[in-house]
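> All I have is the shape, not the residue letters:
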């Protein structure tokens, strides 16, 4: 079956909800662990932390840690601790991202920086990152600590790299993919890899889960790039936020390279100079449609989704393995 048709057929299935139900008890333990770690005598810390945690979110990354541990038949409790650490890391990056991107909305609500300011948002993000490392250390797993600490450094490097290409239409697809690999895929990969590490799995199974997470993360971000120019309920942003921020994403890179001189001047004005007028977002969407850049971005997402699927061949067929395959379908089908 063609991969695009395969992913499209999953559009109306509530795969994520089914998987969340399968891990409900463990996710409740993860949430309890997180709540204990956002307590502080400094009122701003729990205020901002609760603001962003209560705004929802898929909790996809900690869910993947739990699934990876179950897939490798781990029977202890450290996967709960590591899943909570992963979610704290992710939340810290969201607080930092909103400051860097000057975002006003996150998951349908005002960002923390709009309510408490940039400085408080950054510092509470740092606090959550510190609490995540405390959780990692408490497991006593040096390999897991190394994977997650490496991911934290890679994510920060990706943030700096993204700043260097901001509003730069000469950005190559390779450079953009490097940013995506660092900012998004690194934590997805770490989330799944630590699930195998705590169970002392062999190198091949650990590497397979790391590959699964990385390629799922790339596919996930590519789909988010598409959704910014259409349906945004799945990403909690307003349509066109990336465009208004002058953010370089794959659909823009492709459209700029495929366009004529007049169209490239439009992109230079709206993205590089950030000189945007009424109707510009609609014109941008028209150009993306004209050159099929959203379609091509979806195809690339499907490609990375297929790589993630292949990575799970290492494992025997179980309900958990099928759930992890279905999550790939869920992530990519959002774009159709």
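Cool, the structure landed. Every value quoted in this text rests on a predicted model; they were computed, and no experiment measured them.
> When you work out contacts or count neighbours from here on, use the C-alpha atoms and nothing else.
OK.
> Point to the residue nearest the middle of the chain.
The chain has residue 184 as the residue nearest its centroid, 4.7 Å off, counting by CA atoms, centre = their mean.
> Report the contact partners of it.
155, 217, 218, 221 (CA atoms under 8 Å, 6 or more residues apart in numbering).
> do you know how far it is from residue 89?
Relative to residue 89, residue 184 is positioned 12 Å away (CA to CA, to the nearest Å).
> cool, residue 273 as well?
Distance, residue 273 to residue 89, by CA to CA: 33 Å.
> ok, now residue 126?
The gap separating residue 126 from residue 89 is 9 Å, by CA to CA.
> same question, residue 238
Here the criterion is CA to CA. By it, residue 238 lies 24 Å from residue 89.
> Neighbour count for those two, which is higher?
Applying other CA atoms under 10 Å to residue 238 and residue 89 shows that residue 89 carries more neighbours, namely 25 against 19.
> Let's verify the more buried one: helix, strand, or coil?
State at residue 89, reduced to three classes by DSSP: H, G, I helix; E, B strand; the rest coil: helix.
> Okay, now the unreliable bits of the protein?
Along the chain, segments meeting pLDDT under 70 span 1-13, 231-237.
> can you give me the strands in it?
In the chain, the strands defined using DSSP state E lie at 105-106, 109-110.
> hmm, back to that, let me know the closest of the contacts of residue 184 to residue 165.
residue 155 (15.5 Å; CA to CA).
> Find the nearest non-adjacent residue to the closest one, please.
Counting by CA to CA, 6 or more residues apart in numbering, residue 155 lies nearest to residue 183, which is 4.7 Å off, once chain neighbours are set aside.
> residues in contact with that neighbour?
154, 155, 156, 158, 159.
> Would you check that residue 305 makes contact with residue 216?
Yes - between residue 305 and residue 216 there is a contact under CA atoms under 8 Å: 5.8 Å.
> anything in contact with each of those two?
Common neighbours of residue 305 and residue 216, counting by CA under 8 Å, 6+ apart, are residue 328.
> Could you check how far the closest residue to residue 187 other than its chain neighbours is from residue 78?
Residue nearest to residue 187 in three dimensions, not counting chain neighbours: residue 151, with 5.9 Å by CA to CA, 6+ apart. Distance of residue 151 to residue 78, computed by CA to CA: 19 Å.
> what's around the residue nearest to residue 187, how many residues?
Neighbour count for residue 151, taken as other CA under 10 Å: 23.
> Check residue 179 too.
22.
> right, and it touches residue 162 too?
Yes - in this structure, residue 179 is within contact of residue 162 by CA under 8 Å, at 6.0 Å.
> thinking again about what came up before, spit out the contact partners of the residue nearest to residue 187.
Residues counted as contacts of residue 151 (CA under 8 Å, 6+ apart) are 186, 187, 190.
> Over to residue 124?
By CA under 8 Å, 6+ apart, the residues touching residue 124 are 44, 45, 48, 49, 92, 95.
> Residue 16 now?
By CA under 8 Å, 6+ apart, the contact set of residue 16 is 327, 330.
> I'd like to know how far it sits from residue 327.
7 Å.
> Repeat that for residue 102.
Residue 102 is 30 Å from residue 327, by CA to CA.
> With residue 314 instead?
In this view, residue 314 and residue 327 are 17 Å apart by CA to CA.
> Residue 283 now?
As judged by CA to CA, residue 283 and residue 327 stand 34 Å apart.
> Would you mind telling me which of these two has the busier surroundings?
A direct count of neighbours by other CA under 10 Å for residue 283 and residue 327 places residue 327 higher, at 22 against 13.
> Can you list the buried residues in stretch 316-331?
Neighbour-count burial for stretch 316-331, counted by 16 or more other CA atoms under 10 Å, picks out 320, 321, 323, 324, 325, 326, 327, 328, 329, 330, 331.
> now what about it, what contacts it?
Under the criterion CA under 8 Å, 6+ apart, residues 7, 10-11, 13-16, 19, 64, 67, 70-71, 216, 219-220, 223, 305, 308-309, 312, 315 lie in contact with stretch 316-331.
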